[in-house]
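1. Fold the following, please.
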Amino acid sequence: MTISIGNDHAGPDYKTAIVEHLKSRGITVNNYGTDTLDSVDYPDFVHPVAKDVNDGKVDFGILICGSANGVAMTANKYPNVRAGICWVKEITVLIRQHNNANILCIPARFTAIPQAIKMVDTFLETEFEGGRHQRRVDKIPMSC
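-> Reported below is the predicted structural model:
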């Protein structure tokens, strides 16, 4: 499994902990995030992660910023991306089961690192249910 990860200045500690955890599980990680607390613009690291997911180069993506709203909005501009914001495990289960999310967006200012790692594991281990949820996911793309 390969995952792309990105973060802004609100998430370097989260990213480091998550990358170490993923590597301990034998998962390959493409790291596009910053390693410092210096202010950066979140779209600069979102685009490479979202492009990897959109183009099928990786299995999943993880994005981390203060609220996770900006990263989710940016990632969801890509046609094959379904990015969801999660702050508890239960929501993480649902974005996989019901929405077939392929990018997990973590709000660093509202989630502790141990909780974020649990959400990452949950995200990777939860399967999409398909069925009626597939019908709904199929209706997400806009046709103008």
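
2. switch to C-alpha atoms for all contacts and neighbour counts from now on
-> Fine.

3. Kindly spell out which helices and strands sit in contact with whichever strand or helix holds V29.
-> Taking DSSP states H and E as the definition, V29 sits inside strand 28-31. Applying 3 or more CA pairs under 8 Å, 6 or more residues apart in numbering; DSSP states H and E, we find strand 28-31 packed against strand 2-7, helix 12-24.

4. what would these look like in JSON lines with distance to M73 and mean neighbour count?
-> Below are the helices and strands packed on strand 28-31 laid out as JSON lines (distance: least, CA to CA, whole Å; neighbours: other CA atoms under 10 Å):
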{"stretch": "strand 2-7", "distance to M73": "14", "mean neighbour count": "25"}
{"stretch": "helix 12-24", "distance to M73": "20", "mean neighbour count": "17"}
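
5. Nearest to T74 among the ones you listed would be which one?
-> strand 2-7 (12.4 Å; CA to CA).

6. follow-up on the earlier one: out of the helices and strands packed on strand 28-31, which gets nearest to N54?
-> Between N54 and the helices and strands packed on strand 28-31, the tightest spacing by CA to CA is seen for strand 2-7, at 11.3 Å.

7. The closest one: partners in the sheet, and parallel or antiparallel?
-> Looking at strand 2-7 with DSSP bridges, its partner strands are strand 28-31 (parallel), strand 60-65 (parallel).

8. Could you export it as CSV, CA atoms only?
-> Only the C-alpha atoms of strand 2-7 are listed here, as CSV (Å, rounded to 0.1, in the frame of the first residue of the first chain):
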residue,chain,number,x,y,z
THR,A,2,1.2,3.5,-0.8
ILE,A,3,-0.1,6.7,0.8
SER,A,4,0.6,10.4,0.0
ILE,A,5,0.5,12.7,3.0
GLY,A,6,0.7,16.5,3.3
ASN,A,7,0.4,19.1,6.0
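
9. how distant is that strand from the center of its chain?
-> In this view, strand 2-7 has its centroid 8 Å away from the chain centroid, taken as CA atoms, centre = their mean, to the nearest Å.
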